[in-house]
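Got a predicted structure here, sequence first:
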Amino acid sequence: MRGLGSTTARLARYRKNWDKIVEATAQGAQPKAAVPSHLKEITEFGSNPGALRLFVHVPERLAPRPALVVVLHGCTQDAASYDRGAGWSQLADRHGFVVLFPEQQAANNPRTCFNWFQPGDIARGSGEALSIRQMVEHAATAHGIDRSRIFVTGLSAGGAMTAVMLATYPDVFAGGAIVAGLPYGAAHNVQEALDAMFQGQARPASEWGDKVRAASPHKGPWPRVSIWHGSTDATVKPVNAGEIVKQWTNLHGLPARPSAEDRVDGYPRQVWRGPNGETLVESYTITGMAHGTPLAVGTGADAVGAAGPFLLDVGISSTHRIAAFWGITDEPAATARSGVDAPVRAGSAPQAAAASRQAEGPGRAAPGPQPAATQSRADGPARAAPEPQRAGMQRDGAVPQIKVLEGDVLPPEPGPAGGKQDRSERGRSQGFDPGRVIADALRAAGLMRR
């Protein structure tokens, strides 16, 4: 019981931090608007065991055998708000690909987070993962999609769910982009999810890889992956970016050391290439950025989207760079040359300016001191021989302060009979039920409504 009391107390502290970030976000948030006309809701696409909504954007000028991009929003967001901020529909209009926007419902998760930590939602053939797979199949059939060019990306809880889709359906997705997310298999309940977000889990690369290999019968080849994380992210610790790198380099049979390192728009990027020279894994560290999707808002060629809560104008467009990495635009992807800085685009945000703009922007997650990732290849400045770093220390040696969280892992509320509630019963062993104990602790801490 002492352990349960400690858990309850820790969760109460998380609730206090969550209240702070919700208040800060609300100050700059725009009122929820009607779904824009360019997003069409599709209600019939399969059995939908995860009870998700689906919105689709199909450009007026669709390319022959177009690509398909699945975009997963973060907590407290919805399909329309994330599209408005990240700008995926804008980019689709320029290049003629189709975009799917799965949307979480509050009945499934009170903060509208995708349930990336619930066993019934992260397994092939069940829950939210299957719902998204059904959405992909519907769109692929309806719009003549090139099935070799299907991709998935997401932020935060959506980033973690992106990892789920890449792991459970690697035979469907040619590539993915995980923004401020976590590796597949990092958590299977609420407590593990909180620990993964705030502490991270250092595991051998082979162990991370085995989690993906066990998630489907697929034996390869594996999707190409782009990883993005802010160095001062206090919601999902940057160490998670390094663990994602370990997971996917192991799957691709690549060494821990990157093939090359450079800077793109002023930010460190590391790449891992396959035998034929193709970049299979890349990792961007957005120095000075807190929790969110990196944007380049303005009038330049890379400019898409709009700044807002967890959508941060730091002078680099992750949307544009990810699409180029996948090869679905007519522009070249970033090219890494070891030890060489790429030219900085006019108006881009070097490290110090990035932190300043985040602090001034409306509703942005407050950037605070944050432990740097122990896996320097994923979030450290480009360097040939990364130096080991003590956990809990920043690069300047300062001890970081614990900041607020986004609340990505709040569990679904109990639903009415016959609703989505029954998914949590799957896989539950007889006798002692740890999940119920954790749920009781969350209610005691005020993190779940009774």
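Ah, there it is. Numbers count the residues shown, from 1 in each chain.

residues in contact with Val69?
88, 92, 97-100, 151-153, 323, 328 (C-beta atoms under 8 Å, 6 or more residues apart in numbering). The C-beta positions use only the backbone N, C-alpha and C, and glycine is treated the same way.

in its sheet, what does the helix or strand harbouring it sit against?
Using DSSP states H and E, Val69 falls within strand 68-72. Partners of strand 68-72 in the sheet, by DSSP bridges, are strand 98-103 (parallel), strand 150-155 (parallel).

Pick the most deeply packed of these.
Across the strands paired with strand 68-72, the average number of neighbours (mean count of other C-beta atoms under 10 Å) peaks for strand 150-155, which reaches a mean of 28.

follow-up on the earlier one: pLDDT of the strand holding Val69, averaged?
Mean pLDDT, strand 68-72: 98.

Next secondary structure after it?
helix 79-86.

Export the strands paired with strand 68-72 as TSV, with columns for mean pLDDT and distance to Ile122.
TSV is the format used below for those (pLDDT from 0 to 100; distance: least, C-beta to C-beta, whole Å):
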stretch	mean pLDDT	distance to Ile122
strand 98-103	98	14
strand 150-155	98	13
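
Can you say which of these is nearest to Gly127?
strand 98-103 (12.3 Å; C-beta to C-beta).

That closest one relative to helix 79-86, how many degrees between them?
120 degrees (axes from the mean of the first three to the mean of the last three C-alpha atoms, to 10 degrees).

What's the first helix or strand after strand 98-103?
Criterion used, DSSP H and E; the element after strand 98-103 is helix 127-143.

what helices or strands is that next one leaning on?
strand 53-57, strand 68-72, strand 98-103, strand 150-155, helix 157-168 (3 or more C-beta pairs under 8 Å, 6 or more residues apart in numbering; DSSP states H and E).

Stretch 48-57 - what's its average pLDDT?
Rounded mean pLDDT across stretch 48-57 is 98.

got the end-to-end distance for it?
From its first residue to its last, stretch 48-57 covers 20 Å (C-alpha to C-alpha, to the nearest Å).

What lies in contact with that stretch?
By C-beta under 8 Å, 6+ apart, the list of residues contacting stretch 48-57 reads 35, 38-43, 45, 79-80, 83, 88-89, 92, 98-105, 107-108, 121, 126-132, 134-135, 138-139, 419-420, 423.

Run a quick check on Asn115 versus Asp121, I expect a contact.
Yes - Asn115 lies in contact with Asp121 (C-beta atoms under 8 Å); the separation is 4.3 Å.

list residues touching both of those two?
What both Asn115 and Asp121 touch, as defined by C-beta under 8 Å, 6+ apart, is the set 127-128.

Now do the SS call for Gly209.
When classified by DSSP: H, G, I helix; E, B strand; the rest coil, Gly209 comes out as helix.

Next, count neighbours for Leu130.
Close neighbours of Leu130, defined as other C-beta atoms under 10 Å, add up to 20.

do Ser131 as well
21.

again with Lys40
By other C-beta under 10 Å, neighbour count at Lys40 equals 11.

gap between the closest residue to it other than its chain neighbours and Gly315?
Counting by C-beta to C-beta, 6 or more residues apart in numbering, the nearest residue to Lys40 once its immediate chain neighbours are dropped is Val56, at 5.3 Å. Distance, Val56 to Gly315, using C-beta to C-beta, to the nearest Å: 30 Å.

who's more crowded, those two?
Neighbour tally, Val56 and Gly315, criterion other C-beta under 10 Å: the higher count belongs to Gly315, 27 against 21.

so how far is Ser283 from the more buried one?
In terms of C-beta to C-beta, Gly315 sits 18 Å off from Ser283.

Same question for Met135.
Applying C-beta to C-beta to Met135 and Ser283 gives a distance of 28 Å.

same question, Ala324
The value you get for Ala324 to Ser283, if C-beta to C-beta is used, is 16 Å.

and those two? which has more neighbours close in?
Each of Ala324 and Ser283 has its neighbours counted (other C-beta under 10 Å); Ser283 has more, 29 against 20.

Quick check: that one is in a strand.
Yes - using three-state DSSP, the assignment for Ser283 is a strand.

Which strand residues bridge it?
In beta-bridge terms (that is, DSSP bridges), Ser283 pairs with Ile227, Gln270.

so it makes contact with Ile227?
Yes - the criterion here is C-beta under 8 Å, and Ser283 meets it with Ile227 at 4.3 Å.

which stretches of the stretch 201-350 of the chain form helices?
Ranges of helices within the stretch 201-350 of the chain are 205-213, 239-251, 318-326, based on DSSP state H, counting those that start in this stretch.

Out of those helices, indicate the one that is most buried.
Scoring the helices of the stretch 201-350 of the chain by mean count of other C-beta under 10 Å, the most buried comes out as helix 239-251, with a mean of 27.

Who are the packing partners of it?
helix 205-213, strand 224-230, strand 267-273, strand 279-286, helix 376-379.

picking up where we left off before, looking at the strands paired with strand 68-72, which is closest to Ser206?
Among the strands paired with strand 68-72, strand 150-155 sits nearest to Ser206 (C-beta to C-beta), with 24.4 Å.

residues making contact with the closest one?
Here strand 150-155 makes contact (C-beta under 8 Å, 6+ apart) with 67-74, 77, 82, 86, 114, 132, 136, 140, 159-162, 165-166, 172-181, 292-293, 310, 322, 326, 328.

got the CA positions of that strand in CSV?
Extracted in CSV, the C-alpha atoms of strand 150-155 (Å, rounded to 0.1, in the frame of the first residue of the first chain):
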residue,chain,number,x,y,z
ILE,A,150,1.5,5.4,-47.8
PHE,A,151,2.9,7.4,-44.9
VAL,A,152,2.0,8.3,-41.3
THR,A,153,3.0,11.1,-39.0
GLY,A,154,1.8,12.6,-35.7
LEU,A,155,2.6,14.8,-32.7
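
tilt between that strand and helix 157-168?
Using the same axes, to 10 degrees: strand 150-155 against helix 157-168 is 150 degrees.

Could you check the angle strand 150-155 makes with helix 318-326?
Strand 150-155 runs at 150 degrees relative to helix 318-326, counting by the same axes, to 10 degrees.

Next up, the contacts around Asn250.
Here Asn250 is in contact with 205-206, 208-209 (criterion: C-beta under 8 Å, 6+ apart).

so can I have CSV of these showing distance to Lys246 and pLDDT?
Shown next, in CSV, are the contacts of Asn250 (distance: C-beta to C-beta, whole Å; pLDDT from 0 to 100):
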residue, distance to Lys246, pLDDT
Ala205, 4, 98
Ser206, 9, 98
Trp208, 5, 98
Gly209, 8, 98
